[in-house]
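# mind folding the following:
(one chain, ligands or ions: 1)
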Amino acid sequence: MTVTASMPAYQYLQLEEKEAVLVVTIRREEKLNAMNNVMMAELTDCFTRIREHSGVRAVVLTGSGKAFMAGADINGYNEFDMGQFFAFQDKGREMYRAIENCTKPVIAAVNGYALGGGFELALACDIIIASDKAKFGLPEVKLGLVPGGGGVQKIARLAGPFVAKELTMTGRFLTAAEGKALLFVGQVAEPERLLETAFALARDIAGQAPLAVQALKKLVDAGRDASLETAQAYDRAYLANLFHSEDAKEGIAAFAEKRPPHFQGK
Ligand code: COA
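Numbering: from 1, shown residues only. Model (predicted):
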């Protein structure tokens, strides 16, 4: 069964499956794809289901219209009491974790505004490709708040404390080129070529050995906060496991036989 056939009809997500790549498009254009409880639950559900689906080997996550996602639905905050506000924040963290724990690589194709929770959503993905119209920011300070989805600490680790404080204390937006200079954007594309670029990258990764790709996602994430020695011990443990896999046998045989490998994720 295709992954799209196995998924429910979502209110805010459009799914398209092609060549083992699933493209997930967030659609709430009139509110710049600002996220509410329903959208967060849908993203969590979608990425949890993708995890189990062997037909999908890479995912592209993008937004429709002029935003990737303009963060949490601020209007919804008016109606929240403290309990509801924290429940909303918890739901957000669950959504980021569903992407971080998804066994497939997730490429954020950032088409426009990625603000607050929208920037944190991109940072929960594995690779970020940005249109040259993209704008990244953590503007919660303008609401008298701080970001709740892990963005402060991620930016501080990525770009250092000085840049992190400047960005979060002003709420200033970064361009795609600045994102590339700060090393969280991998490639910058013209707006009309963004999806094509992200899809080509996803297809390339989808053609690699799935267990090795899955291991690389885990290794980079787990190694980030470990000592170099510990992180390299993780590398060796995963390598030893992979050596016994069918895919490694196939990759090594294909090299010797001068043919393309046929990986099955086993
Ligand atoms: N929550 C709820 N609605 C939002 C939203 C958000 N985070 N971001 C945008 N919208 C809505 C606007 O209220 C507007 O709705 P309306 O037409 O019913 O008034 C619609 O999306 C279009 O946004 P608009 O502000 O008119 O577009 P713009 O191009 O002038 O400005 C932004 C774009 C992104 C600069 C501006 O919308 C903005 O600052 N949004 C808030 C971003 C933010 O603070 N995110 C973190 C939230 S914790």
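
# what does this structure put close to the ligand?
31-32, 34, 70-75, 113, 115-116, 139-140 (C-beta under 6 Å from any ligand atom). Bear in mind the C-beta positions are built from the backbone N, C-alpha and C, glycine included.

# which of those residues fall in helices?
74-75 (DSSP state H).

# which residues in the stretch 151-266 of the chain form helices?
151-159, 161-170, 176-181, 194-206, 210-224, 228-243, 246-256 (DSSP state H, counting those that start in this stretch).

# want to try TSV for the ones you listed, with mean neighbour count as columns?
Output for those, formatted as TSV (neighbours: other C-beta atoms under 10 Å):
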stretch	mean neighbour count
helix 151-159	18
helix 161-170	14
helix 176-181	17
helix 194-206	20
helix 210-224	17
helix 228-243	12
helix 246-256	14
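
# for residue 183, grab the count of nearby residues.
9 (other C-beta atoms under 10 Å).

# could you measure from the residue lying closest to it once chain neighbours are set aside over to residue 226?
Leaving aside its chain neighbours, residue 183 sits nearest to residue 158 (6.5 Å; criterion: C-beta to C-beta, 6 or more residues apart in numbering). As defined by C-beta to C-beta, to the nearest Å, residue 158 lies at a distance of 17 Å from residue 226.

# kindly report the same for residue 39.
On the measure of C-beta to C-beta, residue 39 and residue 226 end up 33 Å apart.

# who has more neighbours out of those two?
Per other C-beta under 10 Å, whichever of residue 39 and residue 226 has more neighbours is residue 39, with 24 against 13.

# in the stretch 1-150 of the chain, which spans are helices?
3-6, 37-52, 74-77, 82-100, 117-124.

# so which of those is the most packed in?
helix 117-124 (a mean of 28; mean count of other C-beta atoms under 10 Å).

# can you list contacts of that one?
33, 35, 43, 61, 63, 67-72, 92, 95-96, 99-100, 106, 108, 110, 114, 128, 136-138, 147-151, 154-155, 184 (C-beta atoms under 8 Å, 6 or more residues apart in numbering).

# from the chain's centroid, how far away is that helix?
Computed by C-alpha atoms, centre = their mean, to the nearest Å, the separation of helix 117-124 from the middle of its chain amounts to 7 Å.

# and it with helix 37-52, angle?
With axes from the mean of the first three to the mean of the last three C-alpha atoms, to 10 degrees as the basis, helix 117-124 and helix 37-52 are set at 10 degrees to each other.

# average pLDDT across helix 117-124?
Helix 117-124 shows a mean pLDDT of 98.

# and the residue nearest to the spatial centre of the chain, how far from residue 22?
By C-alpha atoms, centre = their mean, the mean C-alpha position of the chain lies nearest to residue 125, the distance being 1.7 Å. Noted for residue 125: a distance of 13 Å to residue 22, by C-beta to C-beta.
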